[in-house]
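> Pasted the sequence and its predicted model underneath.
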Amino acid sequence: MQRLPWIPILIILTIFAMAIFAPLLAPHDPIDQTLKDKLLPPFWFEGGSTKYILGTDAFGRDILSRLIYGARVSLLVALLALTVGGGVGLTIGIVAGYLGGTIETILMRLVDAAFTFPAILFALLLSVTLGQGLGTLVIAISLLLWASFARIIRGEVLALKQRDFVALAKVRGCSTLRIMATHILPNVLNTFLVLVTLNIGVVIIAEASLSFLGAGIPPPTPTWGLMVSEGRGRIADAWWVALIPGIAITLLVLSVNLFGDWLRDRLDPRLRQL
Amino acid sequence: MSDEPLLRVEGLKKHYRVTKGVLFSRTLGHVKAVDGVSFTLRAGETVGLVGESGCGKTTTSKLILNLEAPTEGEVLLDGKPIHDLDGAELIAFRAKVQAVFQDPWSSLNPRMTVGRTIAESLIVNGWTQERIKARVSDLLVQVGLRAEQATQYPHEFSGGQRQRIALAAALASHPKLIVLDEPISALDVSIRAQMMNLLKDIQAEQNVAYLLVAHDLATVRHMADHTVVMYLGKIVEQGPTESLFRDVRHPYTKALFSAVLEARPGAAADEIELKGEVPSPLNPPGGCRFHPRCPFAFDRCSHDEPDLREVSPGHNVACHLYDAVETGKTSDAVRATSPAS
């Protein structure tokens, strides 16, 4: 049994706290431009100032403040997209895998179709038709996610329904819905959880790509992905503009993954220590 | 006891279509897993179903449990056909017919407490929480576990304990019939007797009937009142366990018996050793299905399928060797190989 992963939990909590208490924590307005202070390095480097602890970007905006406010958008998008996309994928995977037959064939062909569809293109189409914003972003990323969730969960269900306890549940008189809810779902939750933690990175990167292409949250609202994209062109002379939000993304994704690993073990009754 | 048996299986057939190709599939043939099986089971009685792997024992039990629909034939419980039940009637049927399967490692949901697993049929039948709790405690004690173990998970138990939990779950709804599909063959030899005695005690107390599917003859002899021997989807011999074990008639049954190791080496003088594999049920041999492997086969066996005929009260055999019995002649070849009881 692994120990409680204190450091990842601390990092995740810090980022959540940053998102929730952003207006209280941010030293500056995240969209306030001070052009005379543009591209200042973090304070511990030559030319840096304690006024802007993590430096400023090309428009003279405080990176720390943008990072704090950006956590809001990134976490919200990740949470919503994983709930919607993951939830749809989980449901379709269980239904297709357990019911089988024609329903399975139809659902799995839909999954195949979703895989062949260029998600970025679809997101661009959505942003044109629905307009840019949080809703469009969540829908676009959910469409990117659900198919892989559905395919993996279905595979798990196929193996699971061969187990005797599923047949016995039927013998006991359980309805199909009850079997799916009480016997199948709890046994694929592990896989689902691991998929969620693995996909947080994908979602944050997807949000970044879409924001960069102009299909995501419109600037100047800060998001981590957008900040990396904005700093990308100046990586040689002002590396901190892209690197600092990059480190934030890495820390969040890594922490969530480590936490997910621990949670997976914790939820498995076979590995639980008593 | 009334005349109507608890369970009546009539001309039961289950054929699986074998196809080739995905989009434009064509039927290659049918696997006749069960092909015309009939027997009855009375309340509080045990019927043993024996035969080697692939003879249709498990398919028969799945049909009786209403987990699969038969191709032909009927299963009647208390005189009512079970395969067209639905809604409340189906739930009532499920409460009456329960099962314990072979593998104790796969028959309990790893994410459900043992108490919840045992309570499952009671929850479905709408029992109240307090009644369920009391019943689960009773059942755990009845199968030799402690009431407070209800909150534990399956991985905390050994194979033998798991099998007893599975039995407790099967008993919960006061069933009239429990299908025991190889209930002890996955257990350690040391705890098999324990499990068998537990099953017999419960039967004596609650008058529950068992359909015991097994390949182990000793288990069947110990447990069953009536024995049914299957080969390639058909019944080849059936009768009261005592008379069948004393006077084995069908060459296949004899072969099964001679495959059992004797307690006294050298005692089994007339052994029948079967050659070859069980033929594919996709393309079973014509005539008697056993004839390619039967040491006593003669002309008629290869083109004429034998029917079950009574050779002594309640004892039926499907074999042409006993056609002679009817006409008064006794086949010497068969008599010579009858094992001494």
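Looks like it arrived, so ask away.
> ok, now how distant is A:Q132 from A:R232?
Applying CB to CB, to the nearest Å, the value for A:Q132 to A:R232 is 20 Å. Where you see a C-beta, it was placed from the backbone N, CA and C, and this is true even at glycine.
> Give the residue from these two that has the larger number of neighbours.
Counting neighbours by other CB atoms under 10 Å in any protein chain shown for A:Q132 and for A:R232 shows that A:Q132 has the greater number, 18 against 12.
> what helix or strand does the more buried one sit in?
Per DSSP states H and E: A:Q132 is located in neither a helix nor a strand.
> now the one 10 residues further on
Assigned by DSSP H and E, A:S142 belongs to helix A:134-160.
> tell me how far the next helix or strand after that helix is from the chain's mean position?
Moving toward the C-terminus from helix A:134-160, the next helix or strand (DSSP H and E) is helix A:164-172. In this view, helix A:164-172 has its centroid 36 Å away from the chain centroid, taken as CA atoms, centre = their mean, to the nearest Å.
> what's the average pLDDT for helix A:164-172?
Averaged across helix A:164-172, the pLDDT comes to 93.
> so it versus helix A:134-160, what angle?
Relative orientation of helix A:164-172 versus helix A:134-160 (axes from the mean of the first three to the mean of the last three CA atoms, to 10 degrees): 90 degrees.
> A:G246 and A:V228: what is the separation?
A:G246 is 5 Å from A:V228, by CB to CB.
> if you count what's nearby, which of those two comes out ahead?
The neighbour count for A:G246 versus A:V228, taken as other CB under 10 Å, is higher for A:V228 (25 against 20).
> does the more buried one count as helix, strand or coil?
helix (DSSP: H, G, I helix; E, B strand; the rest coil).
> per-residue confidence at it?
84.
> from what I can see it touches A:A248, true?
No: using CB atoms under 8 Å, A:V228 is not in contact with A:A248, being 9.3 Å away.
> any low-confidence regions in the stretch 151-274 of chain A?
Low-confidence segments of the stretch 151-274 of chain A (pLDDT under 70): A:267-274.
> before we move on, back to that, which helices and strands sit right next to the helix holding A:S142?
Counting contacts by 3 or more CB pairs under 8 Å, 6 or more residues apart in numbering or on different chains; DSSP states H and E, helix A:134-160 is packed against helix A:63-81, helix A:87-99, helix A:101-116, helix A:119-130, helix A:185-213.
> which parts of the stretch 151-274 of chain A sit against chain B?
A:163-165, A:167-175, A:178, A:182-183, A:186-187, A:269-270, A:274 (CB under 8 Å from any CB of the partner chain).
> Are any of those residues buried, and if so which?
A:163-165, A:167-174, A:178, A:182-183, A:187, A:269 (16 or more other CB atoms under 10 Å in any protein chain shown).
> biggest separation within these, which pair?
Spatial extent of those (CB to CB) is set by the pair A:G173 and A:P269 at 24.9 Å.
> Could you tell me which residues of chain B lie near chain A?
So far as CB under 8 Å from any CB goes, chain B lies against chain A at B:65, B:67, B:90-91, B:94-95, B:97-99, B:101-103, B:106-112, B:117, B:120-121, B:124-125, B:153, B:155-156, B:166, B:169, B:173.
> Ramachandran angles for B:K20?
phi -130, psi 140 (degrees, to the nearest 10).
> what about it, neighbour count?
Neighbour tally, B:K20, other CB under 10 Å: 9.
> which non-adjacent residue is nearest it?
Take B:K20 and drop its neighbours on the chain: the residue closest to it by CB to CB, 6 or more residues apart in numbering or on different chains is B:L28, 5.4 Å away.
> Does anything pack onto the helix or strand harbouring B:A134? Which helices or strands?
According to DSSP H and E, B:A134 maps onto helix B:129-142. Judged by 3+ CB pairs under 8 Å, 6+ apart, helix B:129-142 is in contact with helix B:114-124, helix B:159-171.
> Would you mind listing the outside residues contacting that helix?
For helix B:129-142, contacts defined as CB atoms under 8 Å, 6 or more residues apart in numbering or on different chains pick out B:114-115, B:118-119, B:122-123, B:127, B:146-147, B:149-150, B:165, B:168-169, B:171-172, B:202.
> middle-most residue in the chain, spatially?
Defaulting to chain A. Nearest to the mean C-alpha position of chain A, by CA atoms, centre = their mean, lies A:I200 at 2.9 Å.
> Actually, chain B is the one I wanted.
B:V213 (2.6 Å).
> Pick out the residue in the stretch 1-150 of chain A sitting closest to chain B.
Proximity of the stretch 1-150 of chain A to chain B (CB to the nearest CB) peaks at A:T105, 10.2 Å away.
> Can I get the helices and strands packed on helix B:129-142 in JSON lines including mean pLDDT and mean neighbour count?
Converted to JSON lines, the helices and strands packed on helix B:129-142 look like this (pLDDT from 0 to 100; neighbours: other CB atoms under 10 Å in any protein chain shown):
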{"stretch": "helix B:114-124", "mean pLDDT": "93", "mean neighbour count": "23"}
{"stretch": "helix B:159-171", "mean pLDDT": "93", "mean neighbour count": "24"}
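> and the ones you listed as TSV, adding distance to B:Y322?
Listed next are these as TSV, based on distance: least, CB to CB, whole Å:
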stretch	distance to B:Y322
helix B:114-124	44
helix B:159-171	38
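> Contacts only, for the residue in chain B that chain A sits nearest to.
Closest residue of chain B to chain A, CB to the nearest CB: B:R94 (3.5 Å). B:R94 makes contact with A:V171, A:R172, A:G173, B:N66, B:S121, B:V124, B:S173, according to CB under 8 Å, 6+ apart.
> Tell me which residues touch the second one, please.
Which is A:R172. B:R94, B:Q98, B:E120, B:S121, B:V124, B:A169, B:S173.
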